[in-house]
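In: Turn this into a structure:
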Amino acid sequence: MRETIAEALSDETQPFVDDGSDDRRRGFSDGFPARGPSPGRRASRRWRVLLSALIVDPNSDLVIPCRAENVSDNGARIKLDEAQLLPSSFWLIAVTAGLAYRARTIWRQQDRLGVEVGEPVHLEEATSIAERRLHKIWTIRR
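Out: So this is what the prediction gives:
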């Protein structure tokens, strides 16, 4: 059974929360009419979380600590400590869960970014060279 990022990172005691912080919704106060999410922009619900994560690009030895602020079945909103350049695709390691996800940046605003994620890799069961390298990074940083 596929374990989504929302299942891995969300707290079952915390229900779905629309915290109003969806950067794509704007009100009249900023000069744009208010609008809800359009069909196809978000296929699943979001859960608010505040969990430690790592952005890893094994090709460049890039390891950046970050925080997952909310998650859905196929993605997450990530907050960086400071705005910095990132590759368009990278690995996102959920530190507490011990899972790594191949991630692709969908949107970016200064120190926050929205990512789409693929199937999880259980780092305790790492088999390939890349997975073992991610396991080593995760072990050092947790």
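
In: shouldn't residue 80 be in contact with residue 111?
Out: Yes - between residue 80 and residue 111 there is a contact under CB atoms under 8 Å: 4.6 Å. Any C-beta I mention is one placed from the backbone N, CA and C, and that applies to glycine too.

In: what helix or strand is residue 135 on?
Out: Remark: residue 135 resides in helix 129-141, with elements defined by DSSP states H and E.

In: What are the buried residues along that helix?
Out: By neighbour count on 16 or more other CB atoms under 10 Å, the buried set for helix 129-141 is 131, 134-135, 137-138.

In: Show me which of those is closest to residue 97.
Out: Nearest to residue 97 out of the buried residues of helix 129-141 is residue 138 (CB to CB; 10.1 Å).

In: picking up where we left off before, between the buried residues of helix 129-141, which is closest to residue 52?
Out: Set against residue 52, the nearest of the buried residues of helix 129-141 by CB to CB is residue 138 (10.9 Å).

In: Correct me if wrong: the closest one contacts residue 123.
Out: Yes - with contact defined as CB under 8 Å, residue 138 counts as touching residue 123 (5.0 Å).

In: returning to what we had before: when residue 80 and residue 111 are compared, which one has more neighbours?
Out: Higher neighbour count among residue 80 and residue 111: residue 80, with 17 against 13, using other CB atoms under 10 Å.

In: Just grab the bridge partners of the more buried one for me.
Out: residue 66 (DSSP bridges).
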